[in-house]
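Undergrad: I'll drop the sequence and a predicted model, then ask my questions.
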Amino acid sequence: NAGVTQTPKFQVLKTGQSMTLQCAQDMNHEYMSWYRQDPGMGLRLIHYSVGAGITDQGEVPNGYNVSRSTTEDFPLRLLSAAPSQTSVYFCASSYPDRTGELFFGEGSRLTVL
Amino acid sequence: GENVEQHPSTLSVQEGDSAVIKCTYSDSASNYFPWYKQELGKRPQLIIDIRSNVGEKKDQRIAVTLNKTAKHFSLHITETQPEDSAVYFCAEHPDTGNQFYFGTGTSLTVIP
């Protein structure tokens, strides 16, 4: 099993560019989520999904879009990158009952110049 | 997240000593409290968790205690070793929602 796979691992963008962070899991998890990690601020939830076709906003959703067309994939889109979006992004998934272990991807380090 | 406060932000201990990290939460309906360890440059990984119907849980050198009345839970690491050096995050899962809310993290350094 690959677990949770994120791509790319590193990305540099210019202000105003758009990009998509990919996340895929092969554990048949219904719950998937995106977090950003910034120094001193912990892990903040951007968007999450409880199943295919269902998405919802987390704590810091502005500037990001998500979709969940399949159980396996949960891409995160940056519409118009800003320097404030420089961060490490983690995708995480969980078992169907939701109150279980979160499995994280390896992270994607994004720099916006 | 705004629902969870974690202290201290940094902690240094001598090898062999104990380390304690505390978190407080605001939602009385929260029912699941995991702890994650993140080594430098790696992904967070679950090390221990506790549910609201349990007051304490142990796994070898680590333990978690929960005080629902005071709305706080703590991670205890005994006989610390250099490989325990990492950032530790507490989290809570409210019973009424789907989100996991994380604390701001504690950077633990174990000095050999």
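TA: Perfect, thanks for sending it.

Undergrad: Quick one, grab the pLDDT at the nearest residue to A:L102 once chain neighbours are set aside.
TA: Leaving aside its chain neighbours, A:L102 sits nearest to A:A92 (4.5 Å; criterion: Cβ to Cβ, 6 or more residues apart in numbering or on different chains). From N, CA and C alone the C-beta is placed, and that goes for glycine too. As summarised for this prediction, A:A92 has a pLDDT of 95.

Undergrad: Same check on the one 5 residues further on?
TA: In this prediction, A:D97 carries a pLDDT score of 63.

Undergrad: same question, the one 10 residues further on
TA: In this prediction, A:G107 carries a pLDDT score of 96.

Undergrad: just B:S28 next, same as before
TA: pLDDT, B:S28: 81.

Undergrad: Go ahead and confirm it touches B:K71.
TA: Yes - at 6.8 Å, B:S28 counts as touching B:K71 under the criterion of Cβ atoms under 8 Å.

Undergrad: In terms of neighbours, single out the busier of those two.
TA: When neighbours are counted by other Cβ atoms under 10 Å in any protein chain shown, B:S28 and B:K71 differ, and B:K71 comes out ahead with 15 against 12.

Undergrad: Distance of that one relative to A:Q11?
TA: 39 Å (Cβ to Cβ, to the nearest Å).

Undergrad: now B:T80
TA: As judged by Cβ to Cβ, B:T80 and A:Q11 stand 36 Å apart.

Undergrad: neighbour-wise, which of these two wins?
TA: Using other Cβ under 10 Å as the criterion, B:T80 and A:Q11 rank with B:T80 on top: 21 against 17.

Undergrad: for the more buried one, helix, strand, or coil?
TA: Using DSSP: H, G, I helix; E, B strand; the rest coil, the secondary structure recorded for B:T80 is coil.

Undergrad: Correct me if wrong: it contacts B:V110.
TA: Yes - using Cβ under 8 Å, B:T80 is in contact with B:V110, at 4.6 Å.

Undergrad: Which neighbours do those two have in common?
TA: A shared contact of B:T80 and B:V110, defined by Cβ atoms under 8 Å, 6 or more residues apart in numbering or on different chains, is any residue touching both; here these are B:V13, B:Q14, B:E15, B:A19.

Undergrad: Sweet, I'm off.
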